[in-house]
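1. what's the 3D shape of this:
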Amino acid sequence: MSKVKTLSYLIILALLLLTISTSTVTAEVKFYAETVKYPTLAYPEPVLSGGELEVRLALSQDTAPTDFTLTIYNELNEYELEFVKTEFSNAWKSWVAYFKVPEDCKEGFYSMKIAFTAGGTTYDIEMPNSVWVLSEWPDKIKLLYVGDTKTPGGEPYWKEFVREVNLLNPTMMVFNGDEVERPSMRTAWKLFLQHWLELRVPSYAGIGNHEYDSPGVAKIWERIMGYRNYTIVIGNFLFLILDTGMEGWMSLDQIKWAERVVKENQEKVKILVMHHPLFGYKIKDEKIDVIEVSTIDDFDKLFDEGYIYGSWSEHKEEAKELFKLILENDIRLILCAHTHTDVTNIVKYKGKEYYFITTAGVPYDVREFDQRNFRLINIYANGTIDVKSLFYNGKSWTDYPNGIPLDTGEAIKPYKIGYIEYYYAPVNDGSRHAVSFKVKNELDHNFYDINICFRVAADVDFEKYKIIPEPEKYDVVQVDNYYYVVIYDVDLPAGAELKYTIASEDDNVPPTIERVKMRSEEGWWIGDLYVTDLEWGVDEVKVEYTVTGEKWLEPELYDFAESFENGTLMFSFWIKGTNLEDGAKFRIEVKDFFGNSVTKEYAFYKDKGLVPVEVTPTPSPTPTPSPTPSPTPTPTPSPSPTPSPSPSPSPTPAPAAPPIMTYTTIIVVLAVIAAIILIVLKRK
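-> Presented below is the predicted three-dimensional model:
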């Protein structure tokens, strides 16, 4: 190992020790599930309009709760539910309260606020993203599935994944464990929950080994998220979210419990979710796609020959019982994570196929050259699973990696996170009279019925707004000072780019180039470009450079990076280091959605980056005004839209805990880091 790498690892280790010493999860993270155990932000309750909502309260049997009120709400609607009854459940060791959902309750994803009195104490509890109201049970579920991120390290990938979930508009999402690096890290939970609460679709979380304090102990998880294993029934679909613990196996008691559940729901389509897989790396290494078994006892051979994942190595009986549970109860889809790489195979038994999907997920520590990815799976209420939807388009069981890519691949340059780029510009917070939306699908994969939702100011009549291009189907809902405008039935084919603008006024102001910064990284020059347009928003960015002064070249990679609340967008571009030398000329052009543009020229220097070049301005072509809109069509009545622009409230901070470490201790640790650096440098 080089001295530079050694130095890096020592610094990281010292900083990690500092983080461990100063972190306490109680300081800023709200313990959502201490009293309300169901539903929670980890497992929303699916319920029909007019049906009964069940709420479980972790109160002792002699503490009977009374005086209930319960409200569900989202950006568009708010409903007060009628209290029905309470009863104590010995099975759940909780009081269970039932509430009637109004018949006219709109479909959507809701937060819940419940108030009651128990044991002389008044409770007032908010549970974000915990109620999923449907008008009827679905005959198809478009399931977006992923696992592993381990914040804080995985936060960039987790953030991008959540953005893509909200655009792709699945029926529901499942995240399968390893949400945080360590359960006691405040920063880890804060970053995970920040983006979890931005999800605009019903989302379910399973526990992984990293959420455990010690074998069998996951107290922080239980206080924040709730149950470690549970089931969810959505019409004719049964999801079993099971717990493989800290060590990667499942007790016989849990397997027998799951068996009782599935036997009570034999007619349902059953999907099993567990963090550790049953089949291991040998399946991938030997490119095995189909395993045929004639009896459950064939498992013994698979186990003895090393095809079962290593965490089960001392638990053959439990692994075989789980295998039996799956095959004898027609659990056709088994979703796993943990490996940080794809492992996929079919088991054929008595003429039926059982699909085992282990996905790489979105962790920070994937194998070199491996891609982070997710799955978007179509499952039908008659038991059919769209096998093609188990993979990225064109991939097969043994064509690895075979998930839908989230990034270029670990250690591959130039590097990119997010192949489904989209943004709203300048901002989509309801403060503007013009907002534009742009999406670019750089994948060879088709997506259907994406979510496009504008929020614009309602201080002018909606008739003054125009939507360009005019959509075939949209809906408008006014809430307080905003219009929510949802465009329906929009598909995103492979390689497609789509744009929409809603505006009540023209844009006669060109965009601005705020700044561009260049940095060198492993043989590449990377530019970070910041551009702003506060009217219709920035549409296109073009970067060109020339070394000879004759031929203009484009960067090897463009990447939309981030949008900011002030209307600024950040783009990145990559250029091979060997292609640039001092004095190279750059030309950057930025256009807005109305057609206004601005161009600036720069000179490149390795020690300064890009330096603006003064040029004589040339008149820009007159922007092409938007076409005069035809009369605004009457909005098509549709189910209540699921809005996307505003995230749910971030976790409410609890009172700050006393710091674990004094400033003196921090100074000592930093001094140790400095000493290590000096020693290593001296030895060089």
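2. First-to-last residue distance for stretch 463-474?
-> One end of stretch 463-474 to the other measures 14 Å (CA to CA, to the nearest Å).
3. err, stretch 30-39, not the other one
-> For stretch 30-39, the separation between the terminal residues is 16 Å (CA to CA).
4. Now Phe323. Nearest residue, chain neighbours left out?
-> Nearest residue to Phe323, sequence neighbours excluded (CB to CB, 6 or more residues apart in numbering): Phe299, at 4.8 Å. C-beta coordinates here come from the backbone N, C-alpha and C atoms, glycine included.
5. which ones are touching that neighbour?
-> By CB atoms under 8 Å, 6 or more residues apart in numbering, Phe299 lies in contact with Val293, Ala319, Lys320, Phe323, Lys324.
6. Apply the buried test to those and list what passes.
-> Listed as buried from the contacts of Phe299 are Val293, Ala319, Lys320, Phe323; burial here means 16 or more other CB atoms under 10 Å.
7. got JSON lines for those, with secondary structure, distance to Thr548 and pLDDT too?
-> As requested, these are exported to JSON lines (DSSP: H, G, I helix; E, B strand; the rest coil; distance: CB to CB, whole Å; pLDDT from 0 to 100):
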{"residue": "Val293", "secondary structure": "strand", "distance to Thr548": "66", "pLDDT": "97"}
{"residue": "Ala319", "secondary structure": "helix", "distance to Thr548": "65", "pLDDT": "98"}
{"residue": "Lys320", "secondary structure": "helix", "distance to Thr548": "69", "pLDDT": "98"}
{"residue": "Phe323", "secondary structure": "helix", "distance to Thr548": "65", "pLDDT": "98"}
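8. Farthest pair within the residues you listed?
-> Val293 and Ala319 (13.8 Å; CB to CB).
9. now the contacts of Phe299 as TSV including distance to Glu107?
-> Compiled in TSV, the contacts of Phe299 are given as follows (distance: CB to CB, whole Å):
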residue	distance to Glu107
Val293	42
Ala319	41
Lys320	43
Phe323	38
Lys324	39
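10. I'd like to know which of these is nearest to Lys142.
-> Nearest to Lys142 among those is Phe323, at 28.5 Å by CB to CB.
11. Wait, that closest one touches Thr295, no?
-> No - judged on CB atoms under 8 Å, Phe323 makes no contact with Thr295 at a distance of 11.0 Å.
12. where exactly do the helices run in this structure?
-> 3-22, 155-168, 186-196, 219-224, 252-263, 281-285, 299-304, 316-328, 663-683 (DSSP state H).
13. tell me the angle of the third one relative to helix 155-168?
-> Counting by axes from the mean of the first three to the mean of the last three CA atoms, to 10 degrees, helix 186-196 lies at 10 degrees to helix 155-168.
14. give me the low-pLDDT residue ranges for the chain?
-> 1-27, 615-684 (pLDDT under 70).
15. ok, now how distant is Asn74 from Ile271?
-> 26 Å (CB to CB, to the nearest Å).
16. To clarify, my last question referred to Arg332.
-> Distance of Arg332 to Ile271, computed by CB to CB: 8 Å.
17. Next: Ala115.
-> 35 Å.
18. More neighbours: the two, which one.
-> Legend: neighbour count by other CB atoms under 10 Å for Ala115 and Ile271, higher for Ile271 (24 against 14).
19. Look up the closest residue to the more buried one, ignoring the ones flanking it.
-> Per CB to CB, 6+ apart, closest to Ile271 is Leu333, 4.7 Å.
20. Can you verify my assumption that that neighbour contacts Ile357?
-> Yes - using CB under 8 Å, Leu333 is in contact with Ile357, at 7.2 Å.
21. Need the overlap of contacts for these two.
-> Common neighbours of Leu333 and Ile357 (criterion: CB under 8 Å, 6+ apart): Ile377.
22. what about the strands in the stretch 401-550 of the chain?
-> 404-405, 420-425, 434-441, 452-457, 466-468, 474-479, 482-487, 497-503, 512-521, 524-532, 538-546 (DSSP state E, counting those that start in this stretch).
23. possible to save the ones you listed as TSV with distance to Ile234 and mean neighbour count?
-> As requested, those are exported to TSV (distance: least, CB to CB, whole Å; neighbours: other CB atoms under 10 Å):
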stretch	distance to Ile234	mean neighbour count
strand 404-405	23	24
strand 420-425	26	22
strand 434-441	28	22
strand 452-457	24	23
strand 466-468	34	18
strand 474-479	25	17
strand 482-487	23	22
strand 497-503	30	20
strand 512-521	46	15
strand 524-532	43	20
strand 538-546	40	18
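24. need the ones you listed in TSV with distance to Glu52, can you?
-> Below are these laid out as TSV (distance: least, CB to CB, whole Å):
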stretch	distance to Glu52
strand 404-405	37
strand 420-425	38
strand 434-441	38
strand 452-457	30
strand 466-468	40
strand 474-479	27
strand 482-487	29
strand 497-503	39
strand 512-521	54
strand 524-532	50
strand 538-546	49
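25. what about those strands, which gets the closest to Gly361?
-> Nearest of those to Gly361, taken as CB to CB: strand 404-405 at 11.8 Å.
26. Show me what the closest one pairs with in its sheet, parallel or antiparallel.
-> strand 373-380 (antiparallel) (DSSP bridges).
27. Could I get the buried residue list for the partner strand?
-> Neighbour-count burial for strand 373-380, with 16+ other CB under 10 Å as criterion, is recorded at Asn373, Phe374, Arg375, Leu376, Ile377, Asn378, Ile379.
28. Relative to Asp104, which of those is nearest.
-> Of all the buried residues of strand 373-380, Asp104 sits closest to Ile379, with 29.5 Å by CB to CB.
29. Spit out the contact partners of the closest one.
-> Lys140, Ile141, Leu143, Phe237, Val269, Ile271, Leu333, Ile385, Asp386.
30. I'd like to know which of those residues are buried.
-> Among those, those classed as buried by 16+ other CB under 10 Å are Ile141, Leu143, Phe237, Val269, Ile271, Leu333, Ile385.
31. Leaving out sequence neighbours, find the closest residue to the second one.
-> Distances taken as CB to CB, 6+ apart put Ile377 closest to Leu143, at 4.7 Å, once the chain neighbours are dropped.
32. Specify the beta-bridge partners of Phe573.
-> Gly527, Tyr558.
33. Let me see the contact set for it.
-> By CB under 8 Å, 6+ apart, the residues touching Phe573 are Ile526, Gly527, Leu529, Val543, Pro555, Leu557, Tyr558, Asp559.
34. same question, Val290
-> So Val290 contacts Asn345, Ile346, Val347, Lys348, Trp397 (CB under 8 Å, 6+ apart).
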